[in-house]
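A.B. asks: Pasting the sequence and the predicted coordinates here, then a few questions.
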Amino acid sequence: MKKKIVALMLAGAMAALTACAGAPGMTYDPSAGTASSKETTKEAEPEVKEEEAAAEASAEETAASEDVAPDMSGDNVVEYEGGLRIAFPDEYINTKGVLDINSYELDSGEGVYVTDFNYAGVTEEWMEEAFGEVEEPSEEDYKKYSDASAMLTEVITINGNRSLDELVAILAEYNTTDQKIEKSDLTEFKKEGECTFFRLSLYDKEGSENLEEGFKEEFDALYDGLDELLEKNTEYFVPVSPFEALIGNKVEFETTDIDGNPITSEEIFSQHEVTMVNVWATWCYWCVYELPELNEVNKRLAEKDCAIVGLVGDGTDEDTIKEAKQLLKENGDEYLNILPWDDALTEDFPMDAGWPTSFFVDREGKIVSYPVVGASVDTYEEVIDQILKDGKAEVKAEDQSPVTENNVGQYRIYVSDTDGKGVSGAMIQFCDDTTCRIDTTDDTGLAVFKVDKGDYKVHVLKQPQGYKADSNEYKIPDEYSDLHIILEKE
């Protein structure tokens with residue numbers, strides 16, 4: 001998906017938004033908003049002409065009243081986690097300021113999603129100059145960016161046919177501002193399956209009052225176009241957990257162990273009731289941090305006819321394999337470790353959520369539970385015990401977080417590609433309720449924020465050329481933590 005808006009980074013030629021809304025023989029005129037007949041007929045009797053005119057007028061009225069489906073095949077289309085697929089018109093792409101749209105699921109894990117439409121009255125060139133190549137952005141630039149930021153709107157999605165009262169209660173639990181959200185602040189505007197979509201009406205054009213000339217007018221124009229954008233240029237779908245489709249998948253592969261011996265998935269999984277595949281990498285701090293404990297867990301699991309198998313995600317060259325062997329030896333790990341194969345980290349054990357990630361596979365080679373994202377030794381045995389008891393397990397949202405606490409007194413954001421290699425040059429936005437800071441990842445893919453403890457939100461404002469944009473919003477807890485973000489290549 002090519003992008004140019006800083007958060008969306010939409011680029012490339014724009015596909016025309018066209019659709020046929022009329023009856024056969026009718027064409028839709030986007031500029032007029034009506035349908036007209038392009039057929040020509042020979043001269044008819046007056047009564048016949050009157051009947052034809054009446055029929056044509058009726059067809060025009062019907063065509064004009066029908067929704068025109070947006071073209072969802074172009075490079076201007078972006079899909080968001082909260083159940084929105086938007087075909088952006090030109091005025092939302094070629095902006096003078098920065099349009100930043102982020103979509104994320106609340107930590108409740110109850111199927112409530114928030115999609116933020118943010119605008120900053122600064123240019124991309126200024127952003128690059130202020131935050132792109134400098135070692136430490138100035139406080140003045142931080143303040144300018146913060147003062148120039150304004151919210152256009154928020155779309156909130158809730159699934160399960162739940163009531164407005166239930167939604168308000170959930171939002172209150174996660175609201176960190178002084179602004180209380182009332183039922184009257186939420187307007188239902190779309191229903192898709194068991195999902196209901198609401199607009200949060202706390203935002204208006206007053207948000208543009210602090211913007212400089214030129215940016216204020218653009219903000220107002222984008223604000224005025226929101227209704228049409230969400231009604232005519234957006235498709236809605238039921239959000240699905242990124243791991244939901246994995247449950248029941250049968251994993252089949254041929255590879256080698258870390259010593260180069262051939263081995264198959266059947267040979268691995270048929271030996272135990274449940275096998276936990278721990279996908280790790282030599283560069284991943286928390287992957288290595290949990291290695292000593294994993295060996296002890298594996299010994300306890302053996303008594304239950306279960307086992308751990310390590311998958312060295314970055315084990316694609318001799319030097320890395322040698323390093324992995326050394327790490328395993330130093331930490332006393334004796335369980336089987338294998339090397340990746342084609343599609344190992346994208347299809348069989350997708351690593352989009354963070355490193356390490358642990359997957360649970362039964363004797364037949366089928367994935368039987370949501371994976372656990374992050375180093376969570378205490379959780380592994382709980383999940384396996386539940387699978388042995390019930391044949392499946394429910395993994396809580398907090399067990400799937402790509403965020404892990406650290407003891408270094410700072411927040412570290414690590415950005416890698418799907419192969420586990422660090423991505424340099426990614427512009428990271430790090431915000432609390434009042435201030436946003438921005439840093440760019442170094443050659444190892446790391447961005448560091450030395451700030452007081454607090455609740456922060458993280459966005460990838462701009463990704464390097466050749467990578468897809470990440471429109472997610474990541475939440476950091478009130479503890480110094482490491483966050484791992486994975487960018488896909490275009």
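C.D. replies: Looks like it arrived, so ask away.

A.B. asks: dump the residue contacts of M427.
C.D. replies: Contacts of M427 were listed using Cβ atoms under 8 Å, 6 or more residues apart in numbering, and they are V6, M127, F131, G132, I438, D439, T440, V460, L461, K462, Q463. (Each C-beta comes from the backbone N, C-alpha and C, glycine too.)

A.B. asks: just these: which has the poorest pLDDT?
C.D. replies: Of all the contacts of M427, V6 has the smallest pLDDT value, namely 29.

A.B. asks: who wins for most neighbours among the contacts of M427?
C.D. replies: V460 (28 neighbours; other Cβ atoms under 10 Å).

A.B. asks: ok so, going back, nearest to P340, out of the contacts of M427: which one, please.
C.D. replies: Taking Cβ to Cβ as the measure, P340 lies nearest Q463 of the contacts of M427, at 23.8 Å.

A.B. asks: wait, doesn't that closest one sit right on D417?
C.D. replies: No. Using Cβ atoms under 8 Å, Q463 is not in contact with D417; the gap is 10.5 Å.

A.B. asks: residues shared between the contacts of these two?
C.D. replies: Contact criterion Cβ under 8 Å, 6+ apart; residues shared by Q463 and D417: V423, L487.

A.B. asks: Name the nearest residue to G83, sequence neighbours excluded.
C.D. replies: Once flanking residues are discounted, G83 sits nearest to P239: 4.5 Å by Cβ to Cβ, 6 or more residues apart in numbering.

A.B. asks: circling back: widest-spaced pair of the contacts of M427?
C.D. replies: With distances taken as Cβ to Cβ, the most widely separated pair in those is V6 and D439, at 15.1 Å.

A.B. asks: who are the neighbours in contact with R437?
C.D. replies: Taking Cβ under 8 Å, 6+ apart, one finds P137, Y142, Q429, F430, C431, F449, V451 in contact with R437.

A.B. asks: just those now: which is nearest A87?
C.D. replies: Nearest member of those to A87, counting by Cβ to Cβ, is Q429, at 25.3 Å.

A.B. asks: Quick one: neighbours of the closest one, just the number.
C.D. replies: Neighbour number of Q429 under other Cβ under 10 Å is 28.

A.B. asks: what pLDDT does it get?
C.D. replies: Looking at Q429, its pLDDT reads 88.

A.B. asks: Please export the alpha-carbon coordinates of the helix or strand it falls within; CSV is fine.
C.D. replies: Applying DSSP states H and E as the criterion places Q429 in strand 427-431. Provided in CSV are the C-alpha atoms of strand 427-431 (Å, rounded to 0.1, in the frame of the first residue of the first chain):
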residue,chain,number,x,y,z
MET,A,427,10.2,9.0,12.5
ILE,A,428,8.7,8.1,15.9
GLN,A,429,6.1,10.3,17.7
PHE,A,430,6.0,9.9,21.5
CYS,A,431,3.1,11.8,23.2
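
A.B. asks: How is this structure divided into domains?
C.D. replies: Structural domains assigned to the chain are 26-65, 77-236, 244-400, 403-487, following automatic domain parsing.

A.B. asks: what's the closest of those to D71?
C.D. replies: Nearest of the domains of the chain (Cβ to Cβ): domain 77-236, 6.1 Å.

A.B. asks: gap between that closest one and the chain center?
C.D. replies: 14 Å (Cα atoms, centre = their mean, to the nearest Å).

A.B. asks: Any stretches of the stretch 201-350 of the chain with poor pLDDT?
C.D. replies: Applying pLDDT under 70 to the stretch 201-350 of the chain flags the ranges 241-242.

A.B. asks: what about the helices in the stretch 151-300 of the chain?
C.D. replies: With helices called from DSSP state H, counting those that start in this stretch, the stretch 151-300 of the chain shows them at 164-174, 215-224, 226-232, 265-269, 285-289, 291-302.

A.B. asks: tell me the angle the strand or helix carrying I308 makes with helix 291-302.
C.D. replies: I308 is part of strand 306-312 when elements are defined by DSSP H and E. With axes from the mean of the first three to the mean of the last three Cα atoms, to 10 degrees as the basis, strand 306-312 and helix 291-302 are set at 150 degrees to each other.

A.B. asks: Disregarding flanking residues, what is the spatial nearest neighbour of Y174?
C.D. replies: Y174 sits nearest to L106 (Cβ to Cβ, 6+ apart), 5.3 Å away.

A.B. asks: Show the contacting residues for the one you found.
C.D. replies: By Cβ under 8 Å, 6+ apart, the neighbours of L106 are V112, Y113, V114, I170, Y174.

A.B. asks: Just flag the most distant two among these.
C.D. replies: Among the contacts of L106, Y113 and Y174 lie farthest apart (Cβ to Cβ), at 12.0 Å.

A.B. asks: So those two - more neighbours on which side?
C.D. replies: Y113 (21 against 12).

A.B. asks: Angles on the backbone of the more buried one, please.
C.D. replies: phi -120, psi 150 (degrees, to the nearest 10).

A.B. asks: For it, which non-adjacent residue is closest in space?
C.D. replies: Of all residues not flanking Y113 in the chain, G82 sits nearest, at 3.5 Å (Cβ to Cβ, 6+ apart).

A.B. asks: Which helix or strand contains the one you found?
C.D. replies: Secondary structure (DSSP H and E) places G82 outside all helices and strands.

A.B. asks: pretty sure it contacts V112?
C.D. replies: No. Using Cβ under 8 Å, G82 makes no contact with V112, being 9.2 Å away.

A.B. asks: Residues that sit against both of those two, list them.
C.D. replies: E105, I156, T157.

A.B. asks: nearest residue to the first one other than its sequence neighbours?
C.D. replies: Here the nearest residue to E105 in space, its sequence neighbours aside, is Y113; by Cβ to Cβ, 6+ apart that works out to 5.1 Å.

A.B. asks: just the last one next, same as before
C.D. replies: Spatially, and ignoring its direct neighbours in sequence, T157 is nearest to Y113 (4.2 Å; Cβ to Cβ, 6+ apart).

A.B. asks: try E81
C.D. replies: Distances taken as Cβ to Cβ, 6+ apart place S103 nearest to E81, at 4.3 Å, with adjacent residues excluded.
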